[in-house]
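Asks: any chance you can model this:
(one chain, ligands or ions: 2)
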Amino acid sequence: MNILLTGGMGYIGSHTAALLASAGHRVHIYDNLCNSNIGTLDRIQKIASQVIGFTEGDVRDTEKLTKVLRDEKIDAVIHLSGLKAVGESSQKPIEYYANNVQGSISLIQAMQAVGINTLVFSSSATVYGDPVYLPYDEDHPTNPTNPYGRNKLQVEEILRDLSASDSSWRIGCLRYFNPVGAHETGLIGEDPNGIPNNLMPVIGQVVNGKLPLLNIFGDDYETHDGTGKRDYIHVMDLAEGHLATLIWLQSNLGCHTFNLGTGSSYSVLDLLNRFEEASGQKIPRQVVERRPGDLPEYYAKADKAEKVLGWKTKKTLSDICNSSWLWIKNSKKS
Ligand code: NAD
Ligand code: UFG
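Replies: Numbers count the residues shown, from 1 in each chain. Ligands and ions are numbered 1, 2, ... in the order given. Presented below is the predicted three-dimensional model:
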């Protein structure tokens, strides 16, 4: 397949591009590099041992995107581009709606112009909001509590309307849980511009001396050790989930939603202890106030993806920590 990845230079996109290209697909990345670095392209190519196409562009530039889709004879699109900082989305909601919702409409229009109808969309577990029950299954009520989450839900709704209006579409909305880890080569990993918000990149910056210590946001939750629990999914398992979805969509029409998670959760301290074991490094930390908006715990019911797509996670928390450590070590050197 000829596959275009919007946002393919970012954390999840770069791992997915490497996996798809290694599996024999032709990959073209379309990214404006607002949260990524051109140097990643070489490293993806090194892993895949082949050339990966790249166009620098904004997903909202419908004309440019249309031309790339046509020129590269694209069969399917994985739409990963977007802004993703939950806190920032409350401070700059219009920027988020413009980039994430308007950007998705622009992509759909470009695909319509060229007649491409296979699309995989990066959604998020954040669409569920406060748990009515756990684990979240795909039928759990959706009630996102911030503009970022509402962006994701709105795009899903747009895609469902699109599919209802035109039965030729093949769409997968993938609700990611907490992506962590890095490629086993240590060549690519999570490398956000600016100060990170998420747990693993913060740990990385503590190890690399860019941050003095890790703030643990609360140790008084009703969990086994009081810290928040999440469903951490290895980014390469997540990449496999995209490939499984693309293959399945080749013989299935309509708009379909899948949780991509492991089905279990680990606490901040579980992850931290395992990381210290993997790295042999002591991570300085302090417990601070709960972060506003954080939930005590959530995790996926991941049965649908297994039953329908034949996909399930294979990697362990140790695989996550070992690969993250390799990546952090490598990025410290460069
Ligand atoms: P990332 O920031 O590393 O990658 C996103 C990429 O999109 C970046 O390379 C950025 O330069 C690009 N981009 C942003 N706006 C663009 C635009 N207007 N035009 C072209 N390119 C643009 O993020 P990620 O962690 O790889 O996330 C990928 C997708 O998965 C995002 O849509 C995100 O919302 C979603 N997601 C991420 C997580 C997570 O925790 N990482 C969880 C759930 C969902
Ligand atoms: N945490 C800390 N200290 C930090 C950062 C995080 O203690 O410096 C804790 C949080 O309180 C939480 C856990 O680590 O208990 C995970 O926090 P993250 O910020 O890594 O992840 P979230 O679960 O808050 O959110 C992430 C993404 C969202 C996405 C969601 C579900 O940031 O975009 O997972 O996929 F929607």
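Asks: in the protein, what residue sits furthest out from the centroid?
Replies: Asp220 (28.5 Å; C-alpha atoms, centre = their mean).
Asks: which SS state does that one fall under?
Replies: Following DSSP: H, G, I helix; E, B strand; the rest coil, the label given to Asp220 is coil.
Asks: residues in contact with the closest residue to it other than its chain neighbours?
Replies: Using C-beta to C-beta, 6 or more residues apart in numbering and skipping residues adjacent in sequence, the residue nearest Asp220 is Gly226, 5.4 Å away. Bear in mind the C-beta positions are built from the backbone N, C-alpha and C, glycine included. Each residue near Gly226 by C-beta atoms under 8 Å, 6 or more residues apart in numbering is listed here: Gly218, Asp219, Asp220.
Asks: pLDDT value on the first one, please?
Replies: Yep, that's Gly218 we're talking about. If you check Gly218, the pLDDT there is 97.
Asks: run a quick neighbour tally on the residue nearest to it when sequence neighbours are not counted.
Replies: Here the nearest residue to Gly218 in space, its sequence neighbours aside, is Arg290; by C-beta to C-beta, 6+ apart that works out to 3.6 Å. For Arg290, the tally of surrounding residues (other C-beta atoms under 10 Å) stands at 15.
Asks: quick check: which element contains Arg290?
Replies: Secondary structure assigned from DSSP states H and E places Arg290 in neither a helix nor a strand.
Asks: how close does Glu56 get to ligand 2?
Replies: 25 Å (C-beta to the nearest ligand atom, to the nearest Å).
Asks: now do Trp325
Replies: Taken as C-beta to the nearest ligand atom, the span from Trp325 to ligand 2 is 17 Å.
Asks: related to what we said a few turns ago, can you list the contacts of Gly226 in CSV and add distance to ligand 2?
Replies: Output for those, formatted as CSV (distance: C-beta to the nearest ligand atom, whole Å):
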residue, distance to ligand 2
Gly218, 7
Asp219, 9
Asp220, 12
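Asks: for those residues, which one is nearest ligand 1?
Replies: Nearest to ligand 1 among these: Gly218, at 19.4 Å, using C-beta to the nearest ligand atom.
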